[in-house]
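>>> Predicted model follows, preceded by the sequence.
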Amino acid sequence: MSDQHIYWFLTFSLLLASVLVTFLGHEKSSKTPFPPGPKPRPLIGNLPDAVTPEPWLLYMKWEEVYQSKILGLTLPGKRIVILNAVEDVIELFEKRAGTYSDRARVPLLELTGWTFATGLMRNNERWRSERRIFQQTFKREAVPRFLPIQTMKVHAMLRQLLADPASFANHYRTLSASIVLEITYGYEIKPKNDRIVEVVERAIAHLIENGDNPSVAALNVLPALRYLPRWFPGMGFHKIVDDCKTFTQDMLNIPYEYTKKCMREDSNKPSLVRSLLESDAICEESVKGIGGTVFSAGTDTVVSVIECFFFAMSLHPEKQRKAQEEIDRIIGADRLPTFKDKDSLPYIDAIFRETMRWLPPFPLTVPHVAEEDDIYKGTKLEDPDSFIPERCLDENGEIKENTRILSFGFGRRLCPGQHLATNTVWLTIATVLASFDIGLPFDEFGNPIKFHQVHTKADALHLKPYRCTITPRSVNARKLVEATEDTAGY
Ligand code: HEM
């Protein structure tokens, strides 16, 4: 029997009793109709329907099939409601936030020590206290103090793009990790093969790569499987859990110990972990957890957006030219854009917003869980698959009033890192477009690449790797980038 078959066999036979009880319970208690959706199969419900690489596309198709923007899926032990319309999301996650701000219990996360992650915590006192710290640290008025770090790192990336354009993906990955590690731990990373970056990336990658392993999926459905001995067929998850746990502990401890060492050695480098330790307001476990959360929530998400920005520019030279014309007109050719220019470059802002709409890092955001039973019963976006920054602008070319970036989530779980992330991505977009021309995308054989690129087996949405040329716009642009070495930070 293959591992896959053992998984199905175990899941079905061991689940039989508990699933029946849950279903019967539901049948009795639920007098209100459940939203329409594909017909659940006996015992496994809609499990096979739910496992698909790009579920958001499937949910849009179901909207047509079942003629409803609210869809229902039944999984063993739980029911999932899919909200396809923003107004429903806002009504439930924001107006009824008291009910819809919990997170799901995922046995794999609990067994591997990922309970440290603030964003995955249940709605409890620890989550509320850590969320307050996130909000204080990264609120709109507080993030300008990080601008010097962000500027210095973005400038370093521009110089790397000049020196080695073919490795552009490595450069923006380094950018994102370097900002987060410096802010969180006061740690300055090496551009290549940095030990701490490897430690934290290994922990995240191991969890993601094994998240859909059949035996792990079985464990998530039936946590009691963990009591079966390792020699039992299909128990591959034991080794995965052990490794994940070790890697997660390293991720939390190694950068944390670095900050503590700096403090012992009297280094005066500021960092979030340092100020939390000095304030003595929360326990060591929470300090480590907050550090790990900033990295796991704030690095790959930003990478995802910058990756999609390069791809969008590569596919749409006409939008790129329009953005560069705006920069040339407002800033001129004698300096690079800075944060002070943000309000005078609406087309750059529109490119940022459209990138976040076109390929958001979490196309389904992070599921919210209802804490109690709840009964609940716009305008249609034209051509949603196309990259059109103009849709964010009014007739005067200014950002439309009251527009909101939906990719940062909703309600009490709204991303607290949104202002920090926005600044990093905005400055990247503005300075890259001021300095470089990005050529059309092509694959390793030189064939042009079309839009259909997405793959998602990662922390956040990512594109399949592709190539493109990145060349300085002019001799002057090259000089401006080279000169950032001397003006680092400002
Ligand atoms: C472009 C980059 C980013 C995107 C698109 C993004 C998106 C999101 C989304 C969709 C959620 C879930 C919201 C919900 O459940 O409704 C979230 C939660 C969260 N994000 Fe971000 N994020 C980004 C960057 C960051 C950064 C830089 C940080 C760190 C400073 C961060 C920290 C968090 C935390 C701590 C949570 C959990 C909030 C909670 O559950 O209370 N994010 N983010």
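Ah, there it is.

>>> okay, K153: pLDDT?
Here the pLDDT value assigned to K153 is 96.

>>> What helix or strand is R478 located in?
Here R478 sits within helix 475-483, counting by DSSP states H and E.

>>> how far is that helix from where the chain is centred?
On the basis of C-alpha atoms, centre = their mean, to the nearest Å, helix 475-483 sits 33 Å off its chain's mean C-alpha point.

>>> Let me see the residues that make contact with it.
For helix 475-483, the external contacting residues (C-beta atoms under 8 Å, 6 or more residues apart in numbering) are 155, 158-159, 161-162, 333-336, 434-436, 472. C-beta here means a position set from N, CA and C on the backbone, and glycine is covered the same way.

>>> which outside residues touch the helix or strand harbouring T74?
If you go by DSSP H and E, T74 is part of strand 70-75. Strand 70-75 is contacted from outside by 34-38, 40, 45-47, 49-50, 59, 62-63, 79-85, 88, 221, 376, using C-beta under 8 Å, 6+ apart.

>>> cool, and stretch 344-357?
The contact list for stretch 344-357, computed with C-beta under 8 Å, 6+ apart, reads 305, 308-309, 312-313, 319, 322-323, 326-327, 330-331, 337, 342, 387-393, 397-399, 403, 405-407, 422, 425-426, 429-430, 433.

>>> can you list the contacts of helix 475-483 in JSON lines and add neighbour count?
Output for those, formatted as JSON lines (neighbours: other C-beta atoms under 10 Å):
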{"residue": "H155", "neighbour count": "23"}
{"residue": "L158", "neighbour count": "24"}
{"residue": "R159", "neighbour count": "17"}
{"residue": "L161", "neighbour count": "23"}
{"residue": "L162", "neighbour count": "19"}
{"residue": "A333", "neighbour count": "12"}
{"residue": "D334", "neighbour count": "8"}
{"residue": "R335", "neighbour count": "12"}
{"residue": "L336", "neighbour count": "23"}
{"residue": "A434", "neighbour count": "25"}
{"residue": "S435", "neighbour count": "25"}
{"residue": "F436", "neighbour count": "25"}
{"residue": "P472", "neighbour count": "19"}
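
>>> Return the residues of the stretch 251-400 of the chain in contact with the ligand.
Residues of the stretch 251-400 of the chain lying close to the ligand by C-beta under 6 Å from any ligand atom are 293-294, 297-298, 301-302, 305, 361-362, 365-366, 368.

>>> Please identify which of those is nearest to I196.
Among those, V294 lies closest to I196 (C-beta to C-beta), at 13.3 Å.

>>> Just the contacts of stretch 344-357: which are in helices?
With DSSP state H as the criterion, helices contain 305, 308-309, 312-313, 319, 322-323, 326-327, 330, 422, 425-426, 429-430, 433 from among the contacts of stretch 344-357.

>>> Can you tell me which of the contacts of stretch 344-357 are buried?
Restricting the contacts of stretch 344-357 to buried positions leaves 305, 308-309, 312-313, 319, 322-323, 326-327, 331, 337, 342, 387-389, 391-393, 405, 407, 422, 425-426, 429-430, 433, with burial counted as 16 or more other C-beta atoms under 10 Å.

>>> what phi and what psi does the backbone show at the residue nearest the centre of the chain?
In the chain, the centroid-proximal residue (C-alpha atoms, centre = their mean) is T301; its distance is 3.4 Å. According to degrees, to the nearest 10, the main-chain angles of T301 amount to phi -60, psi -50.

>>> what's it in contact with, if anything?
Counting by C-beta under 8 Å, 6+ apart, T301 has contacts 361-362, 417, 421, 459-460.

>>> returning to that earlier point: turn the buried ones among the contacts of strand 70-75 into a named ChimeraX selection, would you?
Burial among the contacts of strand 70-75 is assessed by 16+ other C-beta under 10 Å; the matching ChimeraX selection reads:
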select :35,37,38,40,45,46,47,49,50,59,62,63,79,80,81,82,83,88,221
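
>>> lowest-pLDDT helix or strand in the protein?
helix 3-29 (a mean of 35; mean pLDDT, DSSP states H and E).

>>> Name the next helix or strand downstream of that one, please.
helix 47-50.

>>> show me where pLDDT drops low in the stretch 351-490 of the chain?
For the stretch 351-490 of the chain, the stretches with pLDDT under 70 are 376-381, 451-459, 486-490.

>>> how about the strands in it?
Counting by DSSP state E, counting those that start in this stretch, the stretch 351-490 of the chain has strands at residues 436-438, 454-455, 462-463, 470-472.

>>> Select, out of those, the one closest to L147.
If you check each of these against L147 by C-beta to C-beta, strand 436-438 wins as the nearest, at 22.0 Å.

>>> and the gap between the residue of the stretch 1-150 of the chain found nearest the ligand and V197?
Using C-beta to the nearest ligand atom, the single residue of the stretch 1-150 of the chain nearest to the ligand is G119, 2.8 Å away. Per C-beta to C-beta, to the nearest Å, G119 is found 21 Å from V197.

>>> between the two, which one's more packed in?
V197 (23 against 18; other C-beta atoms under 10 Å).

>>> Can you say which helix or strand has the more buried one in it?
If you go by DSSP H and E, V197 is part of helix 195-210.

>>> That helix and the ligand in contact?
No: contact between helix 195-210 and the ligand is absent, the nearest approach being 13.6 Å (criterion: C-beta under 6 Å from any ligand atom).

>>> Nothing else from me, thank you.
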